[in-house]
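Trainee: after the sequence you'll find the predicted model.
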Amino acid sequence: MKILIVFFWTFLFTLTAKAELKIEPVYGVERTLRQYPEPARYRTNTFLGMRAIYGSPEISGELEVNQSIFQESFPDQDIEVTYTTQKALLGMRSYPIKSKFVGFYIRGGIRAQIQKRDITEEGENRLEEDPLSIDPYAGTGLTLAFANNFALNAGATLVYNKNAADEAEKFDTRYTFAVTVKAGNR
């Protein structure tokens, strides 16, 4: 047991000693399920957010927050809906393949999501909010480094969607583009 504790603290110290903080503004496109109004269907929309990555290239923790707002009209039902979706992704990232200028990363974790709908139906307004939804995600991406503290990232992520009606549509697809600004002791 003492050996495990010593190994754990040595591993943690090694990660912290080589740790970097990376901040990334994120722009993305996501294909996700729109539940209201019926019938539910998939739609593609854009989102903006920020991502923070802390750790070493071997293993890092990541936190991403983003939001998308889009509006849709349904004239035959006299309904107009403004959807606001807020998401937070918390997980781990690793670069199994990396060089000075190019890196290939894998990521995984959980996504928390809240969706609000501002509905105008026959001139009446109401606000609906879905309960917090938590789903796992996994993805991969490519990093192109241009300087010691600057890089461009492109990634693709699949998020399991337990609310999908069709078994073939159980995954939301996210494509992101980010610019990395790095700070740390390296």
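Mentor: On my side now, so go ahead. Just so we're clear, the structure is a prediction, and the values are computed from it rather than from any experiment. Numbers count the residues shown, from 1 in each chain.

Trainee: pLDDT weak spots in this protein?
Mentor: 1-17, 33, 35, 40, 163-166, 168, 182-186 (pLDDT under 70).

Trainee: if we use 50, what do you get?
Mentor: Where the chain drops to pLDDT under 50, the residues are 186.

Trainee: show me what the residue sitting nearest the centre point of it bridges to in the sheet.
Mentor: For the chain, the residue sitting closest to the mean C-alpha position, by Cα atoms, centre = their mean, is Leu89 at 4.8 Å. According to DSSP bridges, the partner residues bridging Leu89 are Glu64, Arg111.

Trainee: repeat for Thr157
Mentor: As for beta bridges, Thr157 partners with Gly139, Arg174 under DSSP bridges.

Trainee: check the gap between the residue nearest to the centre of the chain and Ser60 for me.
Mentor: Distance, Leu89 to Ser60, by Cβ to Cβ, to the nearest Å: 13 Å. Using the backbone N, CA and C atoms, a C-beta is placed for each residue, glycine as well.

Trainee: how about the helices in the protein?
Mentor: Ranges of helices in the chain, per DSSP state H, are 2-17.

Trainee: run through the strands of it in chain order.
Mentor: 20-34, 41-55, 60-74, 79-98, 102-121, 124-129, 133-147, 150-160, 171-184 (DSSP state E).

Trainee: next, the angle from the third one to strand 133-147.
Mentor: Counting by axes from the mean of the first three to the mean of the last three Cα atoms, to 10 degrees, strand 60-74 points 120 degrees away from the direction of strand 133-147.

Trainee: again, but for the fifth one
Mentor: Between strand 102-121 and strand 133-147, the angle formed by their directions is 140 degrees, by the same axes, to 10 degrees.

Trainee: and strand 102-121, what does it pack against?
Mentor: strand 79-98, strand 124-129, strand 133-147, strand 150-160 (3 or more Cβ pairs under 8 Å, 6 or more residues apart in numbering; DSSP states H and E).

Trainee: my read: Ala88 touches Glu62, true?
Mentor: No - counting by Cβ atoms under 8 Å, Ala88 does not reach Glu62; the two are 10.9 Å apart.

Trainee: of the two, which one has the most company?
Mentor: Glu62 (20 against 15; other Cβ atoms under 10 Å).
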